[in-house]
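>>> After the sequence you'll find the predicted model.
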Amino acid sequence: MTTSSGPKDRYTKGMTVRRSVLGDKHVDRAEANKTDFDIPFQNFITEGAWGTVWAGDHFTKRERSLVTIALLAGLGHYDEVAMHVRASRNTGATAEDIREVMMHVAVYAGVPAANNAIKYVKRELAAMAEEEKAGE
């Protein structure tokens with residue numbers, strides 16, 4: 001179990017975990033786009049989502065990735081599904097894992113949610129395959 005830590009520790013740990021999952025390019029882009037308006041929100045997600053939930057030691061990054069994709073798909077947050085499909089190359093979740101997650105989404109959150117999410121998943125997996133082929 002992860003012990004409680006102060007906001008500065010959670011922010012630092014959160015940024016490390018965020019970078020390991022989403023990649024430096026994504027995080028650098030998000031950081032460069034911060035404004036005075038959303039700095040508190042960005043700090044909140046870095047400390048809470050990344051520094052607490054994703055930094056926990058019970059689930060692996062692969063497991064967290066799959067749970068996250070399932071929840072986002074079930075809730076209809078498809079741009080976030082796409083982002084976490086891309087992150088799967090850093091978490092160890094495979095295309096086969098994600099396919100199984102979509103089956104669970106279909107059963108427990110509804111076929112329309114899974115069907116729409118699958119469009120995003122397929123698009124991202126295809127783009128990732130092309131990038132890999134091109135050596136990116």
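Cool, the structure landed.
>>> how's this structure carved up into domains?
Following automatic domain parsing, one gets these domains for the chain: 1-58, 60-136.
>>> Now do the helix ranked longest in the chain: which elements does it pack against?
In terms of residue count, the longest helix belonging to the chain (DSSP state H) is helix 111-133. Helix 111-133 sits against helix 61-75, helix 78-91, helix 95-109, with contacts defined as 3 or more Cβ pairs under 8 Å, 6 or more residues apart in numbering; DSSP states H and E. Glycine gets a C-beta too; all of them are placed from N, C-alpha and C.
>>> these two touch, right, residue 70 and residue 107?
No - using Cβ atoms under 8 Å, residue 70 is not in contact with residue 107, being 10.8 Å away.
>>> Which one of these two is surrounded by more residues?
Ranked by neighbour count (other Cβ atoms under 10 Å), residue 70 and residue 107 place residue 70 first, with 22 against 10.
>>> Next one: the more buried one from residue 38, what distance?
Distance of residue 70 to residue 38, given as Cβ to Cβ, to the nearest Å: 27 Å.
>>> Can you pull out the low-pLDDT segments for the protein?
Scanning the chain with the threshold set as pLDDT under 70 gives 1-5.
>>> 80 instead?
Residue ranges of the chain with pLDDT under 80: 1-7, 136.
>>> can you pull the contacts of the most centrally placed residue in it?
When Cα atoms, centre = their mean is applied to the chain, the residue found nearest the centroid is residue 84 (3.4 Å). Counting by Cβ atoms under 8 Å, 6 or more residues apart in numbering, residue 84 touches 65, 68-69, 72.
>>> Alpha carbons of stretch 95-115, as CSV, please.
The C-alpha trace of stretch 95-115 is given here as CSV (Å, rounded to 0.1, in the frame of the first residue of the first chain):
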residue,chain,number,x,y,z
ALA,A,95,-3.9,-4.9,-28.6
GLU,A,96,-5.3,-8.3,-27.6
ASP,A,97,-5.8,-7.0,-24.0
ILE,A,98,-7.6,-3.9,-25.3
ARG,A,99,-9.8,-6.1,-27.5
GLU,A,100,-10.8,-8.1,-24.5
VAL,A,101,-11.5,-4.8,-22.6
MET,A,102,-13.8,-3.7,-25.4
MET,A,103,-15.8,-6.9,-25.0
HIS,A,104,-16.2,-6.2,-21.3
VAL,A,105,-17.3,-2.6,-22.1
ALA,A,106,-19.9,-4.0,-24.5
VAL,A,107,-21.4,-6.3,-21.9
TYR,A,108,-21.2,-4.0,-18.9
ALA,A,109,-21.5,-0.5,-20.4
GLY,A,110,-23.3,-1.2,-23.6
VAL,A,111,-22.6,-2.1,-27.2
PRO,A,112,-22.9,1.5,-28.5
ALA,A,113,-20.2,2.7,-26.0
ALA,A,114,-17.9,-0.2,-27.0
ASN,A,115,-18.7,0.2,-30.7
